[in-house]
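Trainee: Curious how this folds, go ahead:
(one chain, ligands or ions: 1)
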Amino acid sequence: MSLQIVSPTGGIAPLLRAEGVSLEYGGTRATHDVSFDVYRGDRFVLLGPSGCGKSSLLKAAAGFIAPAAGSIAINGAPVRGPGPDRIVVFQEFDQLPPWKTVKENVMFPLLMTKRVSRHEAAERAMHWIGKVGLSGFEDAHPHTLSGGMKQRVAIARALAMQPEVLLMDEPFAALDALTRRKMQEELGRLWEELRFTLLFVTHSIEEALVVGNRILLLSPHPGQVRAELNSHQFDLASAGSLEFQAATQRIHGLLFGEAATAVAVSPAHAGDHAERAVKRSMDSGVRRNDGL
Ligand SMILES: Nc1ncnc2c1ncn2[C@@H]1O[C@H](COP(=O)(O)OP(=O)(O)OP(=O)(O)O)[C@@H](O)[C@H]1O
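Mentor: Below you'll find the model as predicted:
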């Protein structure tokens, strides 16, 4: 098995398409000309070092910020703001209103969007609380839960909405290593059962390989696409294997190695250089078929 640099898929329409997305904060460019396609059932990971614009891209997909250039579309319709088809799970444990119980937290967005009756929202909440392994904690308040349990509630709340895309912004980064691993495992189990579409942000190469089936590598200042990889062959069971280690090193090399240094020249031409560097590595990866 090898980790291959991929070329764009033809034929099937993407569920989420980011096309030439440049994001700015007060005139400062956070990402430049970023394009990627997420297909239904993908576990698509945005991976890169701090400041490469991963969170900003996720926020743009969520509709919290608008691109300065380019576009993001869901099912072909441009994203113009937040919507129930895209639910975000954040890293912060305080994303749950503390005065609401676990059940009320999960019910809350269902009631807000007036999609279902109170009775149905309660039933759905119980269903999803069970799915994330929190049965028995329905009436608990967030401050009585561990970090991992709070993230489970956030995941249950998101999945209860049955979004087109589940957006996760470093959801496990604030957890201890063992809980983080457990949560990665749980997420994988949920995906195996439900096959939802996931857009997941992380700066951990290992987490990207474990969680994702496709990985977009981004370089920082401003965030630009460095490469796109297939990683479906990896999971927690293969973590630590020689092949997994080799893939980790190759990704590290792509992000921080020679090519990364070579393209970090003139900001004015950084996009062109990066594009050529990525194309070179994609070409050679495909031609030699030796993957990463
Ligand atoms: N609200 C904001 N106002 C101004 N600049 C911002 C804002 N949010 C992000 N930025 C800038 O945009 C760039 C990308 O930030 P972003 O948080 O998207 O990157 P990231 O890859 O998610 O980084 P990290 O992993 O550290 O969160 C950074 O240079 C950051 O300083």
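Trainee: Residues of this structure that sit close to the ligand?
Mentor: Residues of the chain that fall close to the ligand, judged by CB under 6 Å from any ligand atom: Y25, A30, G48, S50, G51, C52, G53, K54, S55, S56, H203. Backbone N, C-alpha and C define where each C-beta goes, glycine included.
Trainee: Count the neighbours of S71 for me.
Mentor: 15 (other CB atoms under 10 Å).
Trainee: Make sure it is indeed in a helix.
Mentor: No: with DSSP: H, G, I helix; E, B strand; the rest coil as the criterion, S71 is located in strand rather than a helix.
Trainee: where's it relative to E123, distance?
Mentor: For S71, the distance to E123 (CB to CB, to the nearest Å) stands at 38 Å.
Trainee: Tabulate the residues of the chain next to the ligand (JSON lines), appending secondary structure, pLDDT and neighbour count.
Mentor: JSON lines is the format used below for those (DSSP: H, G, I helix; E, B strand; the rest coil; pLDDT from 0 to 100; neighbours: other CB atoms under 10 Å):
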{"residue": "Y25", "secondary structure": "strand", "pLDDT": "96", "neighbour count": "10"}
{"residue": "A30", "secondary structure": "strand", "pLDDT": "97", "neighbour count": "24"}
{"residue": "G48", "secondary structure": "coil", "pLDDT": "96", "neighbour count": "26"}
{"residue": "S50", "secondary structure": "coil", "pLDDT": "93", "neighbour count": "8"}
{"residue": "G51", "secondary structure": "coil", "pLDDT": "92", "neighbour count": "16"}
{"residue": "C52", "secondary structure": "coil", "pLDDT": "95", "neighbour count": "26"}
{"residue": "G53", "secondary structure": "coil", "pLDDT": "96", "neighbour count": "27"}
{"residue": "K54", "secondary structure": "helix", "pLDDT": "96", "neighbour count": "26"}
{"residue": "S55", "secondary structure": "helix", "pLDDT": "96", "neighbour count": "18"}
{"residue": "S56", "secondary structure": "helix", "pLDDT": "97", "neighbour count": "24"}
{"residue": "H203", "secondary structure": "coil", "pLDDT": "95", "neighbour count": "18"}
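Trainee: What is the nearest of those to P98?
Mentor: Within these, the smallest distance to P98 is 23.6 Å, found for S55 (CB to CB).
Trainee: quick one, what contacts that closest one?
Mentor: S55 makes contact with D169, E170, V201 under the criterion CB atoms under 8 Å, 6 or more residues apart in numbering.
Trainee: Tell me what the last one is bridged to.
Mentor: I take that to be V201. For V201, the beta-bridge partners under DSSP bridges are L46, D169.
Trainee: Closest to the centroid, which residue in the chain?
Mentor: F200 (1.1 Å; CA atoms, centre = their mean).
Trainee: how about that residue, what does it touch?
Mentor: Residues near F200 by CB under 8 Å, 6+ apart: R43, F44, V45, L46, M168, P171, A208, V211, G212.
Trainee: what about stretch 48-63, how long is it end to end?
Mentor: One end of stretch 48-63 to the other measures 21 Å (CA to CA, to the nearest Å).
Trainee: tell me how far that stretch is from the chain's mean position?
Mentor: Counting by CA atoms, centre = their mean, to the nearest Å, stretch 48-63 is centred 9 Å from the centre of its parent chain.
Trainee: now do stretch 157-174
Mentor: Averaging C-alpha positions (CA atoms, centre = their mean) puts stretch 157-174 9 Å from its chain's average.
Trainee: Repeat that for stretch 236-244.
Mentor: Distance, centroid of stretch 236-244 to centroid of chain: 21 Å (CA atoms, centre = their mean).
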